[in-house]
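Peer 1: What follows is a predicted protein model with its sequence.
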Amino acid sequence: MATGLYWHAMGLLEDMVISAGERVLLVGDQPEWVASACAGSGAEVTRWNADELPGPDAADSYSFICALDVFGSVADPWSLAKSLAGLLEPGGKLVTRIENVRNLRVLADIAEGRWEYGGEVATTGASHLRSFTRSTIVSLLENTGLSVVGCEAQEDHRVTDIVAREEFGGFITMIFGRVSVSGISPQARDELIAESFLVAAEKQGGPGSDRHGRPEIAFVSPVEGNDPSSNPVGGGPNPVGLASAAETIAVGARSEFGDRASWLLALNEAAFSAQSEIVCFLDESVSAEPGYAEAVKGIFDAAPQIGVVGPAVVGDRGELLSWGYGVARNGAEIRVVREQTGNLRRYSPLGISRVGMAVRKSAFVEAGGFDPGFPHGFEDVDLCIRMTDCGWRSIFEPSARVICSAVPGSDGF
């Protein structure tokens, strides 16, 4: 096993804090260091082969399941994922490693007419039956009710001699062998050179949650006090309009970070860790009006293809500040601009402002989150474009409103 995978997996094990007496399940032929790490904490370790697992309704339950390199070598990974999700207790966690078929080395071999089974290449190994990309890995686990809390690319060091050319807007063309891929983002670049993904998923549970046991909605806010279930944001004890408790994930204010990239990475980490499938971003200068959460949740519930919902952003005096982004052309110049329309209606713009933006977590994870390589803004538009490339839609919903005290065009707006 690669050294990088070892340390990343060990980091996940340490973060999960396996305690004495907890039940741990190792599925298939797991590395001995995994068993040693679990047993060393005093946990009770059980080993099962993938084809010997009981059904999802079995009475057994585990607080931690490790299934590295298992899903690609079984005929029915979907049933396996469902069984493992059923074996996790509420709050339990699953760690797995799944090979990535959206890999330039694999694509280049196909372009050359090669698809050889066996050898050291995992995706074409003799025992390999199923192939996945990052998005299908996330879907595989999320469709069982698990919440993916981490999906980290493991670089394929055999992908060398890549020619990368920068295009307009920070996009890249990558050339490897006979394969040329254009119009990709820096995040998509990481997937194209990833041999596999190390994935961590969690089973949620408790009161005030959805049918999978997760909170209905999560708010990424600068301080804990912005919890919309207790803080009078927008002038009421529960301004977001949901009766059940919401999840709040605190990050520091923009001014507390040394640079914009670090701040965007913190937003990504917060969203990736959310238990809810709906994640909303509220800055220190933004507050939600009553009914905001009901409006965005209604869109996500009614339209499963929606990945981003943008609210109407209004100022302190009620003036409209933002309702989506479009493209303006001036000769050869192409610029991203705010849409100019006096008719507030539901529509699908090129991009949505990050101010009050609500995202479907699985779509946000699939697209890779905000790209920290945008030092002067428009990371929100870039995110929407990448979500569109993944098959998701962005929509502006005028019935959802947030109040923003920042000046339009300033940093963070």
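Peer 2: On my side now, so go ahead. Numbers count the residues shown, from 1 in each chain.

Peer 1: List the residues that contact the residue sitting nearest the centre point of the chain.
Peer 2: The centroid of the chain falls nearest to V365 when counting by CA atoms, centre = their mean (1.6 Å). If you count contacts by CB atoms under 8 Å, 6 or more residues apart in numbering, V365 has them with 138, 148, 151, 272. All C-beta spots, glycine's among them, are computed from the backbone N, C-alpha and C.

Peer 1: And the first one, which helix or strand is it part of?
Peer 2: If I follow you right, that is V138. helix 134-142 (DSSP states H and E).

Peer 1: Likewise for the third one?
Peer 2: C151 belongs to strand 147-155 when assigned by DSSP H and E.

Peer 1: and the helix holding V138, what other elements does it pack with?
Peer 2: helix 77-87, strand 88-99, strand 147-155, strand 194-202, helix 361-367 (3 or more CB pairs under 8 Å, 6 or more residues apart in numbering; DSSP states H and E).

Peer 1: That one vs strand 147-155, what angle?
Peer 2: Relative orientation of helix 134-142 and strand 147-155, computed by axes from the mean of the first three to the mean of the last three CA atoms, to 10 degrees: 150 degrees.

Peer 1: in the stretch 151-300 of the chain, which spans are strands?
Peer 2: Assigned by DSSP state E, counting those that start in this stretch, the strands in the stretch 151-300 of the chain fall at 163-166, 172-176, 179-184, 194-202, 218-221, 247-250, 278-281, 286-288.

Peer 1: would TSV of those strands with mean pLDDT and distance to G324 be doable?
Peer 2: Formatted as TSV, the strands of the stretch 151-300 of the chain follow (pLDDT from 0 to 100; distance: least, CB to CB, whole Å):
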stretch	mean pLDDT	distance to G324
strand 163-166	70	27
strand 172-176	81	26
strand 179-184	79	22
strand 194-202	87	32
strand 218-221	84	21
strand 247-250	80	25
strand 278-281	91	16
strand 286-288	84	17
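
Peer 1: Which of those sits closest to A295?
Peer 2: Nearest of those to A295, taken as CB to CB: strand 286-288 at 9.9 Å.

Peer 1: Okay, now the sheet partners of that closest one, with direction.
Peer 2: Applying DSSP bridges, strand 286-288 is found paired with strand 393-404 (antiparallel).

Peer 1: How much space separates the nearest residue to R23 once chain neighbours are set aside from A37?
Peer 2: Of all residues not flanking R23 in the chain, Y62 sits nearest, at 4.7 Å (CB to CB, 6 or more residues apart in numbering). Computed as CB to CB, to the nearest Å, the Y62 to A37 distance reads 15 Å.

Peer 1: I figured T144 was touching S79, is that so?
Peer 2: No: with contact defined as CB atoms under 8 Å, T144 does not reach S79; the gap is 10.0 Å.

Peer 1: more crowded one of these two?
Peer 2: T144 (22 against 15; other CB atoms under 10 Å).

Peer 1: List phi and psi for that one.
Peer 2: Torsion angles at T144 (phi, psi; degrees, to the nearest 10) stand at phi -90, psi 0.

Peer 1: Relative to R165, how far out is it?
Peer 2: Remark: distance between T144 and R165 (CB to CB) = 40 Å.

Peer 1: Also L107?
Peer 2: Per CB to CB, L107 is found 17 Å from R165.

Peer 1: of those two, who's got more company?
Peer 2: L107 (17 against 11).

Peer 1: A strand includes that one, no?
Peer 2: No: counting by DSSP: H, G, I helix; E, B strand; the rest coil, L107 is not part of a strand but helix.

Peer 1: my guess is it contacts S180, does it?
Peer 2: No: using CB under 8 Å, L107 makes no contact with S180, being 10.1 Å away.

Peer 1: Give me the common contacts of the two.
Peer 2: Counting by CB under 8 Å, 6+ apart, nothing touches both L107 and S180.

Peer 1: sorry, back to before: considering the helices and strands packed on helix 134-142, which stretch scores lowest in mean pLDDT?
Peer 2: For the helices and strands packed on helix 134-142, the weakest mean pLDDT is recorded on strand 147-155, namely a mean of 80.
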